[in-house]
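Undergrad: The sequence isn't on hand, but the structure is:
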């Protein structure tokens, strides 16, 4: 029974990873069309930096899981406000999820 559960969870995570990649690509296309290349680059950089920073301070702040996600999301939102870039919550979450995936992929290497 545990093996079946493991297979289902692994398959679901694979599917969600693929879907997250597709969503990020669509968000990028939309933002490029609407806000320009510079806005997308800034959002990507801010998301990557926020995820890295959150990982570095997570132990000190004793935050885990969803708390880390919201901490990073808040950091990205503040950064985007400085550049007067506004994203929907869905778009913002997509950039953060992509940064987390990129970080996890690099860690596995």
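TA: Cool, got the structure. It should be emphasised that the depicted structure is a prediction, and the values quoted were computed from it without experimental measurement.

Undergrad: Flag every buried residue along stretch 5-23.
TA: Neighbour-count burial for stretch 5-23, counted by 16 or more other Cβ atoms under 10 Å, picks out 20, 23. Where you see a C-beta, it was placed from the backbone N, CA and C, and this is true even at glycine.

Undergrad: So what's the gap between that stretch and the chain middle?
TA: Stretch 5-23 has its average C-alpha position 15 Å from the chain's average C-alpha position, going by Cα atoms, centre = their mean, to the nearest Å.

Undergrad: Quick one: mean pLDDT over that stretch.
TA: Model confidence over stretch 5-23, given as mean pLDDT, is 74.

Undergrad: which outside residues touch it?
TA: Residues from elsewhere that reach stretch 5-23 (Cβ atoms under 8 Å, 6 or more residues apart in numbering): 94, 97, 98, 101.

Undergrad: Outside of the helix or strand in which residue 98 is found itself, list whatever touches it.
TA: Under DSSP states H and E, the secondary-structure element containing residue 98 is helix 89-108. The set of residues that contact helix 89-108 without belonging to it, under Cβ under 8 Å, 6+ apart, is 17, 20-21, 23-24, 27, 30-31, 43-44, 46-48, 50-52, 55, 69, 72-73, 76-77, 80, 87.

Undergrad: Going by neighbour count, list what's buried in that helix.
TA: Of the residues in helix 89-108, those buried by neighbour count under the rule 16+ other Cβ under 10 Å are 91, 92, 93, 94, 95, 96, 97, 98, 99, 100.

Undergrad: Just give me the residue closest to the centre of this protein.
TA: Central residue check for the chain by Cα atoms, centre = their mean: the C-alpha nearest the mean position is that of residue 96, 1.7 Å away.
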